[in-house]
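**Q** curious how this folds, go ahead:
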Amino acid sequence: MRSSNLLLRLMALACLTVLACAIAVSQPDSTYVDPAVNELTKQVLEEKKTDTNSYKGQPWSTSSLNDSYKKTTSVESLSAVPVSSALGQSSEYMVKADSFLKEAMNNGFYVLSVMQFINKTNAEKNWAIVDVRPAQLYAAGHIPGAINIPLENLISQMGMIPAGQKVAVYCAIDTNAAFAVQTLRVYGGRDAFVLSGGIVAWQAAGMSVVT
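**A** Residues are numbered from 1 along each chain as shown. Prediction:
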């Protein structure tokens, strides 16, 4: 019996709630005679009148939630700088760097093996050798006649390299020698090449070093 009464009460409350919602929607300014319904109606109306300006819709194409729009906007906001506007006084060096890069493949990337270097120096004597390793490594053993100019000092000490001579550059790491070759060709106007393998390759070819 108690269960039946409880069920009836719940059904009555549900009906009351539905009725209150219907009144709130269809007749927002009306007042129902039942105080419970009036209170429920008041609550429904207050929720309905809540400010929703912060939830106003926005086209998806320009929404801040649209990741693709964010990416497009960020890319478009970066204006491309014409190369010509960046040249200025350094245009000569940019032309040389451009030539260096374009001719690299056709010139074997300016790399000579030890035997190639030996053959070239036997045929023509106008070669200088530059060791761009640190001074202590140079002192421990270097190719005869090599000039020591540590890589970080190459710009300031470039005048140590005799003018009018081709230049073979070596280091403990060929990449460092390649940096030096590019610097010499672009900024020094020198006909420079990487002596591949450095001291290790030099000695492997049966050539001596001096201290």
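**Q** tell me how far S91 lies from K102.
**A** According to C-beta to C-beta, to the nearest Å, S91 stands 16 Å off from K102. Quick note: C-beta positions are derived from backbone N, CA and C, even for glycine.
**Q** the more surrounded of these two?
**A** S91 (12 against 9; other C-beta atoms under 10 Å).
**Q** which SS state does the more buried one fall under?
**A** helix (DSSP: H, G, I helix; E, B strand; the rest coil).
**Q** and the one 4 residues further on, by the same measure?
**A** In three-state terms, and counting by three-state DSSP, V95 is helix.
**Q** neighbours of it, how many?
**A** 12.
**Q** mind listing what it touches?
**A** For V95, the contact set (C-beta atoms under 8 Å, 6 or more residues apart in numbering) is empty.
**Q** could you chop the protein up by domain?
**A** What the record gives for the chain is the domain set 1-49, 88-204, from automatic domain parsing.
**Q** which one of those has the poorest average confidence?
**A** Lowest mean pLDDT of these: domain 1-49, a mean of 56.
**Q** ok, A177 - contacts?
**A** Listed by C-beta under 8 Å, 6+ apart, the contact set of A177 reads V132, V169, Y170, C171, V194, L195, G198.
**Q** and the buried ones among those residues, selectable in ChimeraX?
**A** The ChimeraX command for the buried members of these (criterion: 16 or more other C-beta atoms under 10 Å) is given here:
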select :132,169,170,171,194,195,198
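**Q** which ones among the contacts of A177 map onto strands?
**A** With strands taken from DSSP state E, the overlap with these comprises V169, Y170, V194, L195.
**Q** tell me the one of those nearest M158?
**A** Nearest to M158 among the ones in strands among the contacts of A177, counting by C-beta to C-beta, is V169 at 11.7 Å.
**Q** okay but the closest one is in contact with T183, surely?
**A** No - here V169 lies out of contact with T183, judged by C-beta atoms under 8 Å, at a distance of 9.5 Å.
**Q** before we move on, back to that, would you list the ones in strands among the contacts of A177 in JSON lines and tack on distance to V111?
**A** Shown next, in JSON lines, are those (distance: C-beta to C-beta, whole Å):
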{"residue": "V169", "distance to V111": "10"}
{"residue": "Y170", "distance to V111": "11"}
{"residue": "V194", "distance to V111": "5"}
{"residue": "L195", "distance to V111": "8"}
